[in-house]
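Visitor: got a predicted model here, sequence first, then my questions.
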Amino acid sequence: MSEHRIRLGVDADGVATVTLDRAEKHNALDAAMFEALADVTEKLAADRTVRAVVLHGDGKSFCSGLDITSLGDREGSGPMDLMAREDGRAANLAQRVSYDWSRIAAPVIAAVHGNCFGGGMQIALGADIRYAAPDARLSIMEVKWGLVPDMGITQTLPRLVGIDVAKELTFTGRILSGTEADALGLVTRVADDPLAEALALAHEIAGKSPHAVQAAKRLYDDTWTSSDPASALLLESELQVGLMGSPNQLEAVAAGMSRRTPVFADPEVQQ
């Protein structure tokens, strides 16, 4: 990573904690933060021993959005650099900080507190699950700067809200509380301590068969907005056949029958 912007820790249960570490700037996104986020998602996508990921921001906010001053510095990386797309990648650098959480096999849980604006909001939307503090402040804020949201929101927001809600929030850029975001479906649950709740959920997930959890994430990610029922139904069957009779599936049955805690093997590391 080019500069210190992210802290990553993985505990004995396979729960990874990713901390946005620019508290003095409310974790605003400068070029170094974009690069660090891309690096950490790349690392986690390659590590199949990680069973769940918790994403949160240090200090007073989850992420306050783009650091406009930093990105406008002509001697630094400008906005056009963020739109550079490497060969073979579906997403550019700006989009990867939201989209690449879907490339991680394990579930990703975002714990949102304080400000979650613009690019920060799109990063949170890239997680599989979002817990938010009741007084968190969330906004699809790009219209304030005369822009459209362009950090992967087309792949996340349509799975959560209707197009009318998406348009109203995008056209106005208005700020929602965590409670209102929950009512609209933008967050999964409101929690007084979203980080503690996210970690508790991550450890619960880490105790399940990682093969089954990862297959379930792939099943929903690949089919949720699909207009091809035949392909979706086929994927259900293919994933199920792959699980049936596998060591972890047999361990789940044996542990359940004997009322003991299961001991699951990690999936092989992707090459």
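Guide: Now that the structure is in, tell me what you want to look at. Numbers count the residues shown, from 1 in each chain.
Visitor: show me where the chain has strands.
Guide: 6-10, 15-20, 52-57, 108-112, 115-117, 129-132, 137-139, 176-177, 189-190 (DSSP state E).
Visitor: and the contacts of the second one?
Guide: To tie it back to what came earlier, the one meant is strand 15-20. 5-11, 27, 33, 40, 44, 50-58, 62-63, 106, 199, 202-203, 206 (Cβ atoms under 8 Å, 6 or more residues apart in numbering). All C-beta atoms are positioned from the backbone trio N, CA, C, and that covers glycine.
Visitor: correct me, but G152 touches M121?
Guide: No - counting by Cβ atoms under 8 Å, G152 does not reach M121; the two are 11.1 Å apart.
Visitor: higher neighbour count, those two?
Guide: M121 (30 against 25; other Cβ atoms under 10 Å).
Visitor: how near is that one to D193?
Guide: Between M121 and D193 the distance is 21 Å, computed by Cβ to Cβ, to the nearest Å.
Visitor: what do you get for G59?
Guide: For G59, the distance to D193 - Cβ to Cβ - is 15 Å.
Visitor: what about these two, which has more around it?
Guide: Each of G59 and D193 has its neighbours counted (other Cβ under 10 Å); G59 has more, 16 against 13.
Visitor: re the thing from before, out of the strands of the chain, which is closest to F264?
Guide: F264 lies closest to strand 52-57 among the strands of the chain, at 12.8 Å (Cβ to Cβ).
Visitor: export the closest one as PDB, just CAs?
Guide: Coordinates of each C-alpha in strand 52-57 appear next as PDB, following Å, rounded to 0.1, in the frame of the first residue of the first chain:
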ATOM      1  CA  ALA A  52     -16.100 -13.100   7.300                       C
ATOM      2  CA  VAL A  53     -15.000  -9.500   6.900                       C
ATOM      3  CA  VAL A  54     -16.000  -6.500   9.000                       C
ATOM      4  CA  LEU A  55     -15.400  -3.100   7.400                       C
ATOM      5  CA  HIS A  56     -15.500   0.100   9.500                       C
ATOM      6  CA  GLY A  57     -14.000   3.600   9.900                       C
END
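Visitor: give me the sheet partners of it and which way each runs.
Guide: According to DSSP bridges, strand 52-57 forms sheet pairs with strand 15-20 (parallel), strand 108-112 (parallel).
Visitor: winner for burial among these?
Guide: Greatest average neighbour count among the strands paired with strand 52-57 goes to strand 108-112 (a mean of 28), per mean count of other Cβ atoms under 10 Å.
Visitor: shaky segments in this protein?
Guide: Residue ranges of the chain with pLDDT under 70: 1-3, 71-80, 269-271.
Visitor: the same query, at a cut-off of 90, please.
Guide: Within the chain, the segments meeting pLDDT under 90 span 1-4, 68-91, 225-227, 267-271.
Visitor: just give me how far stretch 118-128 sits from the chain centre.
Guide: Its chain's average C-alpha position is 7 Å from that of stretch 118-128, according to Cα atoms, centre = their mean, to the nearest Å.
Visitor: likewise stretch 180-194?
Guide: Centroid separation for stretch 180-194 versus its chain: 15 Å, with Cα atoms, centre = their mean.
Visitor: ok, and what's touching that stretch?
Guide: 56, 111-113, 125, 129-134, 136, 138, 160-161, 165, 176, 178-179, 197-198.
Visitor: figure out which of the strands paired with strand 52-57 is closest to P262.
Guide: strand 15-20 (16.6 Å).
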